[in-house]
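Undergrad: structure of the sequence below:
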Amino acid sequence: MFTGIVEEIGTVLHVQKGRHSAVLSIQAQKILADIQIGDSIAVNGVCLTVTSYESKKFTADIMHETLNRSSLIQLKTGSHVNLERAMSVNGRFGGHIVAGHVDGVGTVQQIQQDDTAVWYTIQADPGILRYVIEKGSIAIDGISLTVANVSADSFSVSVIPHTAQMTTLSERKAGDVVNLENDMIGKYIEKLLQPACALQPAKSTLTKEFLTEHGYV
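TA: Residues are numbered from 1 along each chain as shown. Model prediction:
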């Protein structure tokens with residue numbers, strides 16, 4: 001589990017691509033302070049498992065499903081990525097609940113300066129926009145952000161300079177693909193409501209006329 005508060009920007013050192021998978025080697029510093037094999041690291045918002053590490057880098061496997069659902073397939077040597085360690089139970093919960101399980105990708109439609117802030121408009125599919133609400137939370141490349149506006153085919157966030165400088169958002173441009181993870185609370189509520197509807201008793205077709213016809217009345 002993560003908070004969406006990025007700890008540092010890492011650099012992709014090497015991408016070893018297989019037929020339907022890949023192995024990432026990423027240069028980092030801060031997150032390596034207490035790293036162990038098997039730890040979870042959010043890389044651009046995607047939860048990956050550390051398979052090996054050295055003093056200034058770690059490696060992680062990317063499976064087929066993850067490549068299909070995220071923008072990690074576009075990473076190459078030199079790419080910058082947002083990094084966050086799994087949430088500590090004794091730490092401050094500064095963002096929102098981020099699982100690191102990306103729902104899909106979106107495309108940066110527009111970037112607009114607004115005094116000190118920067119507006120990012122992200123185009124997304126209906127399946128993602130279904131759970132996006134104004135003033136709600138969303139993770140963009142693993143960054144916990146507040147939704148400022150929602151339209152029929154996109155949503156917008158307003159980002160303060162600190163967030164842009166401490167993450168890869170400052171490098172994004174129109175047309176870039178980003179990872180999106182919806183706030184899981186809405187998805188759980190929807191799932192819990194579905195069985196309740198399904199368990200409603202079916203309307204009976206048994207009538208007085210039917211019983212009379214068959215000798216029961």
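Undergrad: pull the longest helix from the chain.
TA: The single longest helix within the chain, with elements called by DSSP state H, is helix 184-198.
Undergrad: name the residues that touch that helix?
TA: Applying C-beta atoms under 8 Å, 6 or more residues apart in numbering, the set of residues contacting helix 184-198 from outside is 97, 99, 131, 133, 136. Heads up, the C-betas are built off the backbone N, CA and C, glycines and all.
Undergrad: how much space separates the most centrally placed residue in the chain from residue 189?
TA: Centroid-nearest residue in the chain, with C-alpha atoms, centre = their mean: residue 181, separated by 2.5 Å. Computed with C-beta to C-beta, to the nearest Å, the distance linking residue 181 and residue 189 is 16 Å.
Undergrad: equivalent analysis for residue 123, please.
TA: Taking C-beta to C-beta, one finds residue 123 at 25 Å from residue 189.
Undergrad: how many neighbouring residues does the closest residue to residue 141 other than its chain neighbours have?
TA: Among residues not flanking residue 141 along the chain, residue 44 sits closest, at 4.4 Å (C-beta to C-beta, 6 or more residues apart in numbering). Per other C-beta atoms under 10 Å, the neighbour tally for residue 44 reads 29.
Undergrad: residue 178 and residue 108 touch, don't they?
TA: Yes. Counting by C-beta atoms under 8 Å, residue 178 touches residue 108, with 6.4 Å between them.
Undergrad: find residues that contact each of the two.
TA: Joint contacts of residue 178 and residue 108 (C-beta under 8 Å, 6+ apart) are 122, 172.
Undergrad: so for the two, which sits in the more crowded spot?
TA: Using other C-beta under 10 Å as the criterion, residue 178 and residue 108 rank with residue 178 on top: 24 against 19.
Undergrad: can you add distance to residue 7 and give the contacts of helix 184-198 back as TSV?
TA: Formatted as TSV, these follow (distance: C-beta to C-beta, whole Å):
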residue	distance to residue 7
97	17
99	17
131	26
133	27
136	24
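Undergrad: out of those residues, which end up buried?
TA: Buried members of the contacts of helix 184-198, counted by 16 or more other C-beta atoms under 10 Å: 97, 131, 136.
Undergrad: quick one: residues contacting the second one.
TA: The one in question is residue 131. Listed by C-beta under 8 Å, 6+ apart, the contact partners of residue 131 are 103, 182, 183, 186, 187.
Undergrad: most surrounded residue in these?
TA: Within these, most neighbours by other C-beta under 10 Å means residue 182, with 24 neighbours.
Undergrad: next, work out how far apart it and residue 30 are.
TA: Noted for residue 182: a distance of 28 Å to residue 30, by C-beta to C-beta.
Undergrad: what of residue 12?
TA: Computed as C-beta to C-beta, the residue 12 to residue 30 distance reads 17 Å.
Undergrad: can you check residue 8 too?
TA: 4 Å.
Undergrad: identify the contacts common to these two.
TA: Counting by C-beta under 8 Å, 6+ apart, the contacts common to residue 8 and residue 30 are residue 83.
Undergrad: neighbour-wise, which of those two wins?
TA: In this view residue 8 and residue 30 are compared by other C-beta under 10 Å, and residue 8 has more residues nearby, 16 against 11.
Undergrad: over to that one: give its phi and psi.
TA: For residue 8, the backbone dihedrals are phi -170, psi 170 (criterion: degrees, to the nearest 10).
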